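no letters, just coordinates:
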Ligand code: COA
């Protein structure tokens, strides 16, 4: 059974043994397989300047083995879009506490395109939406290859381009801002056949977050505000 774990500076110690295999896997996948040679390092680990204490990782773990992952970096910190690819965003630079930048999504080759259960990439896309909604984010910025766009469209991720695609090292790459909202999370859960939050927050009891609902239970009746001035109150204000 695959579990998706949230790993941040607050619980990194508990996942210490996973980090070396994680960075080695990234090297194997991005440098050796995808041939992104700018990321090459002689020590066989793919680590960059955005792997700081502030980065949050989703680790997909199955039977004690890391089989997929994703990285989220607060946009108030230096990130790929702000430092390496600023020209891809022709709008206002994104530097907001309610937006994290996603990068380094991967699934190990032998677990890609699975049909026996939820696909691992879909689990990760659902899990990061759960993370964002739980912690009050309103969006994710991403620098991505354009082949992601139809995939996002199919699974209901709402991606807004921030500029036109450009050819970089033979790849068509663009910057997008993706909405983070509960409706998208709910729809993703339906697509992959789960009915409740799935993230593992081991050692993160102190993190300020909202627990998302069990979708198999009837939604609680909405309490009608007595005065009509009480409207537009949301947890994800932009
Ligand atoms: N170029 C173009 N399309 C790609 C692609 C690439 N490098 N990698 C995946 N795709 C698209 C294709 O449409 C592919 O369909 P195909 O089977 O007709 O080729 C589809 O995604 C399915 O991809 P697949 O790799 O079979 O499995 P998946 O959906 O389970 O996993 C990834 C998708 C991206 C998570 C996985 O391919 C991966 O880990 N890749 C390496 C890491 C990576 O490149 N991450 C993205 C940048 S951070």
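Received it, and whenever you're ready, just let me know what you need. Just so it is clear, the structure is predicted and the values come from calculations on it, not from any experiment.

only C-alpha atoms for contact and neighbour calcs from this point on.
Fine.

flag every residue of this structure that's near the ligand.
29, 103-108, 112-113, 119, 121, 147 (C-alpha under 6 Å from any ligand atom).

please work out the average pLDDT along the longest helix that the chain contains.
In the chain, with assignment by DSSP state H, the single longest helix is helix 120-135. For helix 120-135, mean pLDDT is 97.

mind listing the helices for this protein?
Under DSSP H, the chain gives helices at 16-26, 80-83, 120-135, 148-155, 182-192.

ranking those helices by burial, who's on top?
Comparing the helices of the chain by mean neighbour count (mean count of other C-alpha atoms under 10 Å), helix 120-135 comes out on top with a mean of 22.

could you check the angle helix 148-155 makes with that one?
70 degrees (axes from the mean of the first three to the mean of the last three C-alpha atoms, to 10 degrees).

count the neighbours of residue 169 for me.
9 (other C-alpha atoms under 10 Å).

and it, how far is that from residue 145?
11 Å (C-alpha to C-alpha, to the nearest Å).

what sits against residue 161?
174-177 (C-alpha atoms under 8 Å, 6 or more residues apart in numbering).

can we see that at 6 Å?
175-176 (C-alpha atoms under 6 Å, 6 or more residues apart in numbering).

do you know how far it is from the ligand?
17 Å (C-alpha to the nearest ligand atom, to the nearest Å).

is that residue in a bridge, and if so with what?
residue 176 (DSSP bridges).

quick one: it from residue 173, how far?
For residue 161 relative to residue 173 (C-alpha to C-alpha), the value is 11 Å.

not counting residues beside it along the chain, what's closest to residue 102?
Nearest non-adjacent residue to residue 102, counting by C-alpha to C-alpha, 6 or more residues apart in numbering: residue 72, 4.6 Å away.

same check, this time on residue 30
Nearest non-adjacent residue to residue 30 (C-alpha to C-alpha, 6+ apart): residue 36, at 5.7 Å.

cool, and residue 99?
residue 139 is the one closest to residue 99 (C-alpha to C-alpha, 6+ apart), at 4.9 Å.

name all residues that make contact with that neighbour.
Applying C-alpha under 6 Å, 6+ apart, the residues near residue 139 are 99, 178-180.
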